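# Quick check, what structure comes out for this input:
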Amino acid sequence: MASDQWPAKEAAMKGVVLDWLAKQGYSVPDGEMYVCGGYADIVAGRYGPRPAPGRKPPLLSTISIELKLHDVAGVIRQASNNRHGTDQAYAAMPIWRTMKMQPATIRKFRAAGVGLLAVSRNVVTEVVQPARGEGMCETLAPVLWPHCRRSYVVQEGGQDSGRWVVAGGRRKKQYGFDFPTNSS
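From the prediction side, this is the model:
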């Protein structure tokens, strides 16, 4: 594979996509998650402010993302299935792959209601906006929160911002600073 055709593996795109989601205000647990019928590569949740200290904030929206290097039909099928359990479903593919797509291929994403993300080494570009999914399945909300609660960010002055970032494990170290908690 030519050096300009980064990445060699799907996993190489994951960090860039996670950073994009964090900038959108979404929290992303580590690892794949089960979404009403199958596993998605990435599932993210956006939460509102806590109703009271120590209480779980409301889950406002969810996104699922499937990562693929080449298999357009497969990624459309998988992401389309994820629409049954999340508010938005995307396929993420390398930018070099999305630039080679014919208009008919782009129409297939739109027809399936699946968004398309073009991923480069440090930028994610939304090529196709997703249609509104069927909403989060009832089993996703309680499963997503325990994975996300540790990354809740507090605004200056101790007020909950409703913004989440990836703060656990290796992802925390990438940002180079510690995240404040409710006790700080």
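# Tell me where this structure has helices.
For the chain, the helices defined by DSSP state H occupy 11-23, 72-82, 95-99, 103-112, 140-148, 169-175.
# what packs against the longest one?
Think helix 11-23. Packing partners of helix 11-23 (3 or more C-beta pairs under 8 Å, 6 or more residues apart in numbering; DSSP states H and E): strand 42-47, strand 59-67, strand 88-94, strand 115-119, strand 124-128. Placement of C-beta: from N, CA and C, glycine included.
# got it, and the shortest one?
Taking 3+ C-beta pairs under 8 Å, 6+ apart as contact, the helices and strands that helix 95-99 lies on are strand 115-119.
# residues contacting the nearest residue to residue 120 once chain neighbours are set aside?
Using C-beta to C-beta, 6 or more residues apart in numbering and skipping residues adjacent in sequence, the residue nearest residue 120 is residue 95, 4.6 Å away. Counting by C-beta atoms under 8 Å, 6 or more residues apart in numbering, residue 95 touches 118-120, 125.
# try 7 Å this time
Residue 95 makes contact with 118-120, according to C-beta atoms under 7 Å, 6 or more residues apart in numbering.
# Closest to the centroid, which residue in the protein?
residue 44 (4.5 Å; C-alpha atoms, centre = their mean).
# ok, back up a step: any chance of the helices and strands packed on helix 11-23 in a markdown table with mean pLDDT and distance to residue 16 as columns?
Shown next, in a markdown table, are these (pLDDT from 0 to 100; distance: least, C-beta to C-beta, whole Å):
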| stretch | mean pLDDT | distance to residue 16 |
| --- | --- | --- |
| strand 42-47 | 86 | 11 |
| strand 59-67 | 89 | 10 |
| strand 88-94 | 95 | 9 |
| strand 115-119 | 96 | 5 |
| strand 124-128 | 96 | 6 |
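# Great, nothing more from me.
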